[in-house]
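*Asks:* Pasting a predicted model and its sequence here:
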Amino acid sequence: CRVSPDDAAAGRRQGWKLHVSAVPLSAPMVLTRAAEVLVAARAPFKCAGTPGRLAELVSGHYDRGGGGKFITRCPQDEHQLRWLAQELHRGTPQLPGAGTLCERPHRPGSLVRYRYGAFRGLPRL
């Protein structure tokens, strides 16, 4: 599921990524609180669109690169990365979430995680 304002800028090839984790039981509350922050900031994001899809993402059988990532936002720059990470962390305290293997937590115990990498495949000969 993708959420984006009509005037969203075209995406970059690489940069910072923010992920917010959840488990099926906490997903409605995590999405509600994260969406309040992201929509107010006019920040496009994507999320697992169904409880079944989220259950796949948090299962032990899912690819480790995508496992546990319920909401994804690719911030415009480092300033937005820091601000959104802090606001998303404040909005989701003490809610249960799945771990992610390839990212650093914003703070210990936070559902918010980040990493630097490619947003889409880079063509290569």
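*Replies:* Thanks, I have the structure now.
*Asks:* The closest residue to Leu25 other than its chain neighbours: what secondary structure?
*Replies:* Nearest-residue entry for Leu25: Pro96, 6.8 Å, with adjacent residues in sequence omitted and distances by C-beta to C-beta, 6 or more residues apart in numbering. For every residue, glycine as well, the C-beta is placed using N, CA and C. Of the three states, Pro96 takes coil according to DSSP: H, G, I helix; E, B strand; the rest coil.
*Asks:* quick one: Pro96 and Ser26 touch, right?
*Replies:* Yes - assessed by C-beta atoms under 8 Å, Pro96 is found in contact with Ser26 at 4.8 Å.
*Asks:* Between these two, which is the more surrounded one?
*Replies:* Ranked by neighbour count (other C-beta atoms under 10 Å), Pro96 and Ser26 place Ser26 first, with 19 against 14.
*Asks:* Might you report the residue contacts of the more buried one?
*Replies:* Contacts for Ser26 (C-beta atoms under 8 Å, 6 or more residues apart in numbering) come out as 95-97.
*Asks:* In which helix or strand does Ser110 reside?
*Replies:* Ser110 is part of no helix or strand when elements are defined by DSSP states H and E.
*Asks:* I'm done for today, thanks for sticking with me.
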